[in-house]
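Engineer: Below are the sequence and a predicted model for it; my questions follow.
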Amino acid sequence: MNLKNIWVLENNHTHTLSAKVLGQLSLMQSVVNGLPNEKSVFQFIQRGFQDIPGIQSVEIFTESFDVSNPDNKKNIIIKKGKTIYGIIQFVVSDNDLFSRYIPYIENFAAMLSVIFEEKRQKIINTALLDELKHKKNELETKNIELHDKNIETQQLNEELTASNEELITTNEELMATNEELAYKNNLLDRKSIELEKALKELKETQVQLIQSEKMASVGIMISGIAHELNNPLNFITGGLYAIEEKKQDLTDDTKSLFDNELGFIQEGVNRSVKIINALNNFSKEDKIGYSLLDVHESLNNCIDIVSYSSDKKIDFQKEYFARTTQIKGNDSKIHMLFMNILTNSTQAICNEGVISVNTKSDENAIIITIKDNGHGISQNNIKSVFDPFFTTKEPGIGTGLGLSIAYNIVKEHKGTISIESECGKSTTVNLWLPFAQ
Amino acid sequence: MCNHSHEVLLGFTNKKVPEGTHMCLVFTDEQERIDSMLKFLLSGLQSDERVACFSERVTEDEVRHFFKENNISYDERKSASAISISGTSEVYFHENKFDPERMLATIAQYYDDSKTMGFSASRVIGEMVPEVEKIEGGDRLLEYESRITMLLREKPITAVCQYDANLFDGATIMEVLKVHPQMIVNGEVVNNPFFIEPEEYLGIGK
């Protein structure tokens, strides 16, 4: 098998050159390219150069080298451009013999510089490539992390969206609940108002009941008193009758002496009887509820009671229309109605005044007007006069219920009541009570 | 130099070499090593040779897969003792020492057995490991390689010795060249001008 030569250098010294050495140089050139690094190459070629004729030893310097060429040493520099990779220093024993191989060794050194440059560039490139790979791996890892974060964010977003939707639904439910609560609150408010109204009515009714009880008690008491007074009055009436009889036996002159005094006594008895009758009428228990009543009669009874019970100088002026004035109503309550109005009128008058009581009718009802010239009611207060417990009187005078009771009684009898007043001048109460059908 | 007339194909080159050629392959690229090894083994089996491989870095599955792609059943050939795959340490460092005499006897026996079994020839490819420098007897590695050259004159096993330049220093690589008659460079087998005949290298005369 022939030796494979990488190249052949033609020169005058070819015939004296050792083919083996040239082959070695050639083989080293092939092998060094496959060695992993400069150190390995230098180790390899140092051993390889030792067969070159004319040399004693070979040293290779990669740093701190002396480039001088003393006689027995030959330095072959391995350099490319300004970069020196190393120096092969041959310690020469036969300069003439060795010098023939110098061109081949220099060529070899030139080739080595190319190999070293390529190796260094490859190292740099490998390092760069490794760095790029590392960066790429980092980026890929970051990408994966970002992707995972993205997925995580997407999942969070989806969860948030779901939570949002849940919140919206909950909100809608809350709003619906709120509306329901508001509706129920409204209902409660209305119920509350109704309850308050019912409570108010209960209180009014209670007051009315108490008033009725009181009135009933008063009525019983009055009835008792009236009954007790009837007896003495009967005695007085009987005595008067007897005196009249005996007076017939007297002369006219003597009769006239007793006429005035007997007249006063009779008038006193008559008035007492009227008062007792009025009181009896007032205290009469209504055992049958509603019945046909004569309004004028009831008015008259109440006027009598009020006028007699008041120490004020009040002129009661009555003007009634002439026809039957029957209404269907509760006798006690109608009396209470008129009593409350007349009592207020009396109390509105300071010491002296006029209370006019007028009646007239329309097609369906009797219209009663009770007017006093008392202190009147201010416009601020007039709207509250029918409110229970409303009063402008001093504490202890009245309960503030008179007109509210009057109002209720009128309403019970399907009538109407209104008040007009001019402060400091007069107050007029207008009643409209339907006739009995 | 090998003087046997029967030539064999190596697989990783088209050129033939005489059987019993002793070659070294210095590599830095692992793929280059595997490729040349698998092709070398395949070429031997395809020529009905008996083949052996000593390496810490090849698996039966790699070999099986490569052979299958080339229509050869590794398992069948293994069953027929046509191929053996072993670890370097397992073969070379018996009882944890390197014994050149034992290895030479093993190689000689391998050749004789191959002949007895009827194989046309035999070949081996082995990867040396740097642990040899630390093991007992490891300093006799180059002596062993030189004596292999002598053995192969009588027992012409075609042999390839693989040395990883990443694991051995440059000086050792150069010394390895001195004991191998041929070298594989860029896939080609070349005469090695650094080779020193065993008699001279071992100082034993011819």
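Structural biologist: That came in fine, so what should we check first? Numbering: from 1, shown residues only, chains lettered A, B, ... in the order given.
Engineer: neighbours of the residue lying closest to B:Leu41 once chain neighbours are set aside, just the number please.
Structural biologist: Leaving aside its chain neighbours, B:Leu41 sits nearest to B:Val51 (4.9 Å; criterion: CB to CB, 6 or more residues apart in numbering or on different chains). (C-beta placed from N, C-alpha, C; glycine too.) By other CB atoms under 10 Å in any protein chain shown, 25 other residues sit near B:Val51.
Engineer: A:Ile366 now?
Structural biologist: If you count neighbours by other CB under 10 Å, A:Ile366 ends up with 23.
Engineer: so where does it fall, helix or strand?
Structural biologist: strand A:365-372 (DSSP states H and E).
Engineer: what comes into contact with the next helix or strand after that strand?
Structural biologist: Once strand A:365-372 ends, the next helix or strand along the chain (criterion: DSSP H and E) is helix A:379-382. With CB atoms under 8 Å, 6 or more residues apart in numbering or on different chains as the test, helix A:379-382 has contacts from A:Phe390, A:Thr392, A:Ile419, A:Ser421, A:Cys423.
Engineer: Over helix A:379-382, what's the mean pLDDT, rounded is fine.
Structural biologist: The pLDDT scores in helix A:379-382 average 90.
Engineer: Show me what whichever helix or strand comes after that helix is packed up against.
Structural biologist: The helix or strand immediately downstream of helix A:379-382 is helix A:402-412, counting by DSSP H and E. With contacts taken as 3 or more CB pairs under 8 Å, 6 or more residues apart in numbering or on different chains; DSSP states H and E, helix A:402-412 sits against helix A:102-247, helix A:331-348, strand A:416-422.
Engineer: Go ahead and confirm B:Ser73 touches B:Phe67.
Structural biologist: Yes - assessed by CB atoms under 8 Å, B:Ser73 is found in contact with B:Phe67 at 6.9 Å.
Engineer: more neighbours, these two?
Structural biologist: Using other CB under 10 Å, the more surrounded residue of B:Ser73 and B:Phe67 is B:Phe67, with 22 against 13.
Engineer: Could you say which helix or strand holds the more buried one?
Structural biologist: Going by DSSP H and E, B:Phe67 is part of helix B:60-69.
Engineer: Pick the most buried one from the helices and strands packed on helix A:402-412.
Structural biologist: Counting by mean count of other CB atoms under 10 Å in any protein chain shown, helix A:331-348 has the highest mean neighbour count of those, with a mean of 23.
Engineer: Now do the helix or strand following it against helix A:331-348: the angle between them, please.
Structural biologist: For helix A:331-348, the following helix or strand on the C-terminal side (DSSP H and E) is strand A:352-361. With axes from the mean of the first three to the mean of the last three CA atoms, to 10 degrees as the basis, strand A:352-361 and helix A:331-348 are set at 140 degrees to each other.
Engineer: Quickly run through the sheet partners of strand A:352-361, with directions.
Structural biologist: Strand A:352-361 has the following strand partners under DSSP bridges: strand A:313-319 (parallel), strand A:365-372 (antiparallel).
Engineer: Over the first one, what's the mean pLDDT, rounded is fine.
Structural biologist: For strand A:313-319, the mean per-residue pLDDT is 95.
Engineer: Could you do stretch A:58-78 as well?
Structural biologist: Stretch A:58-78 shows a mean pLDDT of 80.
Engineer: Dump it to PDB, keeping only the CA atoms.
Structural biologist: Presented in PDB, the C-alpha positions along stretch A:58-78 are these (Å, rounded to 0.1, in the frame of the first residue of the first chain):
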ATOM      1  CA  VAL A  58      12.000  19.700  20.800                       C
ATOM      2  CA  GLU A  59      10.300  22.000  23.100                       C
ATOM      3  CA  ILE A  60       7.100  23.900  22.600                       C
ATOM      4  CA  PHE A  61       6.400  27.200  24.300                       C
ATOM      5  CA  THR A  62       2.900  28.700  24.500                       C
ATOM      6  CA  GLU A  63       3.800  31.600  26.700                       C
ATOM      7  CA  SER A  64       6.800  33.500  28.000                       C
ATOM      8  CA  PHE A  65       9.000  32.500  25.200                       C
ATOM      9  CA  ASP A  66      12.300  33.800  23.900                       C
ATOM     10  CA  VAL A  67      12.100  34.200  20.200                       C
ATOM     11  CA  SER A  68      15.800  34.700  19.700                       C
ATOM     12  CA  ASN A  69      17.600  32.100  17.600                       C
ATOM     13  CA  PRO A  70      20.900  31.200  19.100                       C
ATOM     14  CA  ASP A  71      23.100  29.000  16.900                       C
ATOM     15  CA  ASN A  72      21.900  25.600  18.100                       C
ATOM     16  CA  LYS A  73      18.300  26.400  18.400                       C
ATOM     17  CA  LYS A  74      15.700  27.000  15.800                       C
ATOM     18  CA  ASN A  75      12.400  28.600  16.700                       C
ATOM     19  CA  ILE A  76       9.500  28.000  14.500                       C
ATOM     20  CA  ILE A  77       6.700  30.400  15.300                       C
ATOM     21  CA  ILE A  78       3.100  29.300  15.000                       C
END
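Engineer: Residues contacting that stretch, please?
Structural biologist: A:38, A:42, A:45-46, A:49-50, A:56, A:84-93, A:95, A:98, A:102, A:105-106, A:109, A:112-113, A:116.
Engineer: buried stuff in it?
Structural biologist: A:Val58, A:Ile60, A:Phe61, A:Lys73, A:Lys74, A:Asn75, A:Ile76, A:Ile77, A:Ile78 (16 or more other CB atoms under 10 Å in any protein chain shown).
Engineer: neighbours of the nearest residue to the second one once chain neighbours are set aside, just the number please.
Structural biologist: Spelled out, it's A:Ile60. Computed as CB to CB, 6+ apart, the closest residue to A:Ile60 that is not its neighbour in sequence is A:Phe42, at 4.6 Å. A count of nearby residues for A:Phe42, using other CB under 10 Å, gives 24.
Engineer: Over to A:Lys80?
Structural biologist: A:Lys80 sits with 16 neighbouring residues when counted by other CB under 10 Å.
Engineer: what's near enough to touch it?
Structural biologist: A:Ser113, A:Val114, A:Phe116, A:Glu117.
Engineer: mind redoing it with 7 Å?
Structural biologist: Applying CB atoms under 7 Å, 6 or more residues apart in numbering or on different chains, we find A:Lys80 in contact with A:Ser113, A:Val114, A:Glu117.
Engineer: Likewise for B:Ser55?
Structural biologist: By CB under 7 Å, 6+ apart, the contact list for B:Ser55 reads B:Met37, B:Thr88, B:Gly126, B:Glu127.
Engineer: Which members of these are positioned in helices?
Structural biologist: Members of the contacts of B:Ser55 lying in helices (criterion: DSSP state H): B:Met37, B:Thr88.
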